[in-house]
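Undergrad: Have a look at this prediction, sequence included:
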Amino acid sequence: MAVMPDFDFVFGFFVDNPNRYHHHFTHSIFFITVMSLFVAFILAQNSRAHLLADFVLLTVAGLSHLFLDMLAVDTSAPYGMPLFWPLSEKYVISPVSIFSDIQRASHSGRFLSSLFNLHNLVAVGKEVLILGSITLFCLYFKRYGILKKNIGAKPGERFKR
């Protein structure tokens, strides 16, 4: 579900410009919510699936895509994404860019091959390093329970092992 907003590239292939519709309505909270609900209903056809839990998980995954895209350099107008579409057509982007842009060709015939270049390799490496570090940090604290042990502890007892 986290990759769902980037299905807008598919629409662009029909007009021979995969970038044409990138960061449009598929990059909105409304789209993520509707698609998450749709997929959750499909999963709910399985008796083991839990509609609400699946909906929440899918929505969080989709929103994570929007959040991370907001922190990336956007090199083509309109800059940002219509986060609150259909309520607002205004494009939103963070003033702080943590992630690099991904270079890609506008022509359908060169689009896929254009993704494989040194700039994009470095950009993906930076994303893996940043997000991997955050993930390892969270796993470390989950495993060792340092934060859990110290909730409600007296000041002198904090962070003792």
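TA: Received, thanks. It should be emphasised that the depicted structure is a prediction, and the values quoted were computed from it without experimental measurement.
Undergrad: residue contacts, residue 21?
TA: 8-9, 11-12 (CB atoms under 8 Å, 6 or more residues apart in numbering). (Glycine included, C-beta is placed from N, CA and C.)
Undergrad: Which of those fall within helices?
TA: 8-9, 11-12 (DSSP state H).
Undergrad: From those residues, pick the one nearest residue 60.
TA: Using CB to CB, residue 8 comes nearest to residue 60 of the ones in helices among the contacts of residue 21, at 20.3 Å.
Undergrad: where's residue 52 relative to residue 40, distance?
TA: For residue 52, the distance to residue 40 equals 8 Å [CB to CB, to the nearest Å].
Undergrad: quick one: which of the two has more around it?
TA: Between residue 52 and residue 40, counted using other CB atoms under 10 Å, the more crowded position is residue 40 (21 against 9).
Undergrad: I'd say the more buried one and residue 61 touch.
TA: No. The pair residue 40 / residue 61 is not scored as a contact, 11.5 Å apart, by CB atoms under 8 Å.
Undergrad: what about the closest residue to residue 28 other than its chain neighbours, which SS state?
TA: Spatially, and ignoring its direct neighbours in sequence, residue 28 is nearest to residue 85 (4.0 Å; CB to CB, 6 or more residues apart in numbering). Three-state assignment for residue 85 (DSSP: H, G, I helix; E, B strand; the rest coil): coil.
Undergrad: contacting residues around residue 85?
TA: Counted by CB under 8 Å, 6+ apart, residue 85 has contacts 25, 28, 30-31.
Undergrad: how about a cut-off of 7 Å?
TA: By CB atoms under 7 Å, 6 or more residues apart in numbering, residue 85 lies in contact with 25, 28, 30.
Undergrad: what's the weakest-modelled helix or strand in the chain?
TA: The helix or strand of the chain with the lowest confidence, counting by mean pLDDT, DSSP states H and E, is helix 146-150 at a mean of 59.
Undergrad: on that earlier part again, please identify which of the contacts of residue 85 is nearest to residue 18.
TA: Taking CB to CB as the measure, residue 18 lies nearest residue 25 of the contacts of residue 85, at 16.1 Å.
Undergrad: how close does that closest one get to residue 69?
TA: Distance from residue 25 to residue 69, by CB to CB: 14 Å.
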